[in-house]
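Enquirer: Compute the structure for the input listed below.
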Amino acid sequence: MIEQKGNTVKAGPVTVRQLLENRQRFCVPIYQRHYVWSRDKQWEPFWNDVRTKAIERLNNRERRFSHFMGAVVLEARGAASSRQVTSFQVVDGQQRLTTFQLFLAAARDYAEQAGFGDSVGLIEGYLFNEKEHLMEDPEIEKYKVWPTKYDRELFQDILFEERPELRKKYREYFYKSRDKIYEYSTVPSLLGAYGFFFDRIKHAVESDDLEDDFAETIEVKEDDEEDIAATEAEHDLDRIAMEQRLDALWEALIEEFKVVEITLEEGDDAQVIFETLNERGKPLLAADLVRNNIFHRADARREHADKLFDKYWKDFEDPFWSVMEKQGRYNRERIEFFLANFIAGKVAGEVTLSKLFSEYKAFVKIQANKATGGYPSVEAELKDLRAFGALYRRLLERDADDPLGHFAKLLHPWDVTTVYPLVLRLWSEEVDEAEKAECLSILLTFIVRRAICGLTTKNYNKFFLSVLRHLEANAFSKTNLAKFLSAQTSESARLPSDKEFEGAWMSAPVYGRRLTPLRVRAVLEAIEREKRQKFHETDQLAPNLSVEHILPSKWEEHWPLPDGETPSSDEKLQAMFANEEDDSRIGQIVRRNRLLNTFGNLTVLTKPLNSSVRHGPYKDKRDALSDHSLLVLNREIIKSENWDEECIEERGRALFEAALGLWPYPG
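Expert: I've put the predicted structure just below:
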């Protein structure tokens with residue numbers, strides 16, 4: 001027995017036979033995750049365990065130990081009618097129950113294919129409830145296991161349709177000329193598991209996989225007819241051996257495999273037990289726990305969980321949300337990053353991703369305790385989640401025609417996802433959309449200016465949450481945002497002035513030091529688009545542009561100093577340790593090396609053109625740009641007959657004027 005808050009939970013080990021032989025149903029709540037077990041982690045070990053037990057049965061070995069498959073937690077559901085089959089809600093263990101059914105369905109279908117009619121009938125007793133004429137809704141109640149809505153249609157087809165019909169309906173997953181399902185990882189998990197077990201059962205029954213000399217142990221009764229051919233006797237022997245192998249496999253599952261059946265009584269907290277069981281072993285995703293918690297509360301409050309799931313949560317079941325992403329040191333599915341950003345945006349506080357489920361429960365508790373502005377119902381909570389989820393998806397999809405997506409596209413090279421909680425909250429507020437867009441521009445200015453000036457991104461997560469708290473207290477507006485950012489004085493939060501911005505732009509070695517090539521490219525492309533808006537029909541750029549130095553990083557061979565001479569090896573070495581820029585040859589080298597990686601000397605080209613002109617003299621670069629580049633940035637460069645330090649500084653100043661327009665000091 002398990003004690004829980006003063007209540008007693010009925011618990012004990014049962015065989016799979018005992019679990020499935022009674023006339024009852026196991027219903028998986030609509031909000032639980034769909035079937036996710038896979039070949040390497042679950043099906044293969046499960047099959048090997050079944051095979052081992054089947055070999056023991058065939059060889060009459062002593063079977064001292066049952067194989068335990070963990071717990072199945074059930075919550076009794078009262079029937080609305082006396083005609084309804086007794087049902088239990090599956091709190092935990094749906095993956096195991098579903099796997100048992102898929103294995104048995106595969107065994108039944110092989111038995112049907114091989115002509116073992118007796119086995120077919122016996123196996124079906126563990127798949128379907130009997131006496132359909134006594135059921136209120138036989139199309140549903142005949143199934144012993146009723147999966148979540150996501151899996152339901154395919155599950156019903158696997159259990160109910162004959163294999164030829166199943167193959168016809170899902171022909172895109174079957175080989176055209178073979179009765180075999182494609183590689184299991186490329187098809188829906190339910191169909192993959194069914195196909196895996198069918199193939200393993202077929203191979204085990206039709207080969208010596210279970211016992212090398214099993215056929216020799218079969219006794220065949222003598223027939224009274226003396227004219228039976230020897231080949232018929234051998235055929236009968238093979239058929240008997242095959243049927244016994246098949247029966248050994250499915251009987252091994254129902255007789256030798258056990259689960260701990262935990263049945264909750266009325267008043268027991270199913271969610272607490274569910275969470276406790278999933279703290280060990282292979283845990284559910286935090287998002288799964290959040291979802292189960294939400295709909296368990298909806299169910300307890302009689303808020304029609306099924307309808308709420310379809311209306312508000314169904315979009316989160318889209319494969320988009322299960323894509324793996326990396327942020328900082330964490331690799332998580334997108335939905336987990338969304339939930340963390342959602343909570344942070346709502347409470348304007350930090351969220352620990354590794355404790356996401358606990359963070360969400362704490363968030364809901366805070367909302368419930370709010371005197372005003374909290375969630376009056378689970379539906380209101382779900383409505384909020386869906387709204388923020390739509391905003392987060394726009395951030396990730398980065399559609400340039402969407403103001404939020406356009407901001408996310410410009411933000412992407414800077415990798416500052418810590419601003420997301422602030423952005424989500426800002427965009428959810430009832431503020432004019434044009435003003436919201438201006439707020440986003442101010443945030444982008446803050447991020448870009450600080451990066452170009454070499455200022456740290458450390459503690460951005462805390463800082464942006466402090467911005468959010470300030471706006472909460474003083475209203476969401478571009479004026480309040482600009483004032484707050486302009487007032488910061490710490491190194492981790494201050495906004496560089498125009499003077500500091502210009503100094504870094506003109507003199508700092510941004511390429512490869514302060515900025516990655518991707519970020520330099522983002523800056524130059526932004527300026528190119530700005531220039532194109534004035535002079536060209538489109539601002540769309542090729543996706544494969546790369547950064548190129550006009551004065552190349554290896555300039556010594558083709559780019560002499562102002563006196564016409566190339567520097568010696570000794571002069572280059574001295575310049576590496578010198579800082580003074582003067583008229584001496586060492587001073588000239590120092591100046592040239594400093595200007596080399598400034599914006600004035602950088603442009604963007606297609607990669608093939610970049611490779612063809614990389615370290616050549618200016619004349620060759622100029623001719624190549626003239627012949628092949630249509631970018632405004634490059635059409636401006638070729639106006640110069642020569643390229644020297646003065647040209648670099650002059651172009652740097654011109655580009656800076658454009659940068660001031662793109663990332664202006666707010667206010």
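Enquirer: Tell me which residues touch the residue lying closest to residue 155 once chain neighbours are set aside, please.
Expert: Excluding its sequence neighbours, the residue lying closest to residue 155 (C-beta to C-beta, 6 or more residues apart in numbering) is residue 147, at 4.8 Å. Any C-beta I mention is one placed from the backbone N, CA and C, and that applies to glycine too. Taking C-beta atoms under 8 Å, 6 or more residues apart in numbering, we find residue 147 in contact with 28, 34, 35, 94, 98, 155.
Enquirer: mind running it again at 7 Å?
Expert: Contacts for residue 147 (C-beta atoms under 7 Å, 6 or more residues apart in numbering) come out as 28, 35, 98, 155.
Enquirer: which SS class is the second one?
Expert: When the structure is split into helix, strand and coil by DSSP: H, G, I helix; E, B strand; the rest coil, residue 35 lands in coil.
Enquirer: ok, back up a step: show me which of the contacts of residue 147 is closest to residue 301.
Expert: Nearest to residue 301 among the contacts of residue 147, counting by C-beta to C-beta, is residue 28 at 20.5 Å.
Enquirer: And the pLDDT at that closest one?
Expert: As predicted, residue 28 sits at a pLDDT of 90.
Enquirer: and if you look at residue 299?
Expert: 81.
Enquirer: any idea of the mean pLDDT in stretch 382-400?
Expert: Here the average pLDDT along stretch 382-400 is 96.
Enquirer: and that stretch, how far out from the chain's middle?
Expert: Relative to the centre of its chain, stretch 382-400 is centred 15 Å away, using C-alpha atoms, centre = their mean, to the nearest Å.
Enquirer: For that stretch, buried residues please.
Expert: The neighbour-count check on stretch 382-400 (16 or more other C-beta atoms under 10 Å) flags 382, 384, 385, 388, 389, 391, 392, 393, 394, 395, 396, 398 as buried.
Enquirer: cool, and stretch 194-208?
Expert: 194, 195, 196, 197, 198, 199, 200, 201, 202, 204, 205.
Enquirer: Report the contact partners of the spatially closest residue to residue 330 that is not a sequence neighbour.
Expert: Counting by C-beta to C-beta, 6+ apart, residue 353 is the residue found nearest to residue 330 once chain neighbours are left out, at 5.4 Å. Contact analysis of residue 353 by C-beta under 7 Å, 6+ apart lists 330, 332, 336, 340.
Enquirer: and the first one, bridged to which residues?
Expert: The one in question is residue 330. Counting by DSSP bridges, residue 330 is bridged to residue 327.
Enquirer: what's the distance between it and residue 418?
Expert: 13 Å (C-beta to C-beta, to the nearest Å).
Enquirer: can you give me the mean pLDDT across stretch 490-507?
Expert: 95.
Enquirer: correct me, but residue 567 touches residue 559?
Expert: No - judged on C-beta atoms under 7 Å, residue 567 makes no contact with residue 559 at a distance of 10.1 Å.
Enquirer: Which pLDDT does the model give residue 228?
Expert: Per-residue pLDDT puts residue 228 at 37.
Enquirer: Oops, could you answer that again for residue 548 instead?
Expert: So, for residue 548, pLDDT stands at 89.
Enquirer: which element is it on?
Expert: Using DSSP states H and E, residue 548 sits in strand 545-549.
Enquirer: Show me how far that strand is from its chain's centre.
Expert: With C-alpha atoms, centre = their mean, you get 33 Å for strand 545-549.
Enquirer: What ranges in the stretch 451-600 of the chain fall below the confidence cut-off?
Expert: 534-539 (pLDDT under 70).
Enquirer: what ranges do the helices span in it?
Expert: 460-474, 478-486, 498-507, 517-535, 569-576, 585-596 (DSSP state H, counting those that start in this stretch).
Enquirer: tell me the centre residue of the chain?
Expert: residue 323 (2.4 Å; C-alpha atoms, centre = their mean).
Enquirer: That one: what's its closest spatial neighbour, skipping adjacent residues?
Expert: Distance criterion C-beta to C-beta, 6+ apart; nearest residue to residue 323, sequence neighbours excluded, is residue 334 at 5.2 Å.
Enquirer: quick one, strands of the stretch 251-400 of the chain?
Expert: 257-264, 324-327, 330-333 (DSSP state E, counting those that start in this stretch).
Enquirer: so what does the first one touch, helix or strand wise?
Expert: Counting contacts by 3 or more C-beta pairs under 7 Å, 6 or more residues apart in numbering; DSSP states H and E, strand 257-264 packs against strand 7-15, helix 16-20, strand 67-77.
Enquirer: Tell me which of those is the most buried.
Expert: helix 16-20 (a mean of 21; mean count of other C-beta atoms under 10 Å).
Enquirer: for the longest helix along the chain, the distance to its chain's centre please.
Expert: Looking across the chain with DSSP state H, the single longest helix is helix 230-256. In terms of C-alpha atoms, centre = their mean, the centre of helix 230-256 is set 45 Å apart from its chain centre.
Enquirer: Point out the other helices and strands that that helix packs with.
Expert: Using 3+ C-beta pairs under 7 Å, 6+ apart: helix 230-256 touches helix 16-20, helix 44-58, helix 94-114, helix 117-124, helix 189-206.
Enquirer: Identify whichever of those lies nearest to residue 466.
Expert: Using C-beta to C-beta, the nearest of those to residue 466 is helix 94-114, at 43.3 Å.
Enquirer: can you list the domains in the protein?
Expert: 2-264, 281-504, 506-662 (automatic domain parsing).
Enquirer: quick one: the shortest one to chain centroid distance?
Expert: Right, the one you point to is domain 506-662. Using C-alpha atoms, centre = their mean, the offset of domain 506-662 from its chain centre is 40 Å.
Enquirer: do stretch 360-378 as well
Expert: Relative to its chain's centre, stretch 360-378 lies at 27 Å (C-alpha atoms, centre = their mean).
Enquirer: Show residues contacting that stretch.
Expert: In contact with stretch 360-378 (C-beta under 7 Å, 6+ apart) are residues 290, 293-294, 297-298, 301, 303, 308, 339, 343, 346-347, 381.
Enquirer: And it, end to end?
Expert: One end of stretch 360-378 sits 14 Å from the other (C-alpha to C-alpha, to the nearest Å).
Enquirer: Equivalent analysis for stretch 540-552, please.
Expert: 27 Å.
Enquirer: Quick check: buried residues in it?
Expert: 545, 546, 547, 548, 549, 550, 551, 552.
Enquirer: Distance check, the third one against residue 125.
Expert: The one in question is residue 547. From residue 547 to residue 125 the distance is 70 Å (C-beta to C-beta).
Enquirer: got it, and the first one?
Expert: Computed as C-beta to C-beta, the residue 545 to residue 125 distance reads 67 Å.
Enquirer: What of the last one?
Expert: Using C-beta to C-beta, one obtains 80 Å as the distance from residue 552 to residue 125.
Enquirer: Quick check: buried residues in stretch 482-491?
Expert: 482, 484, 485.
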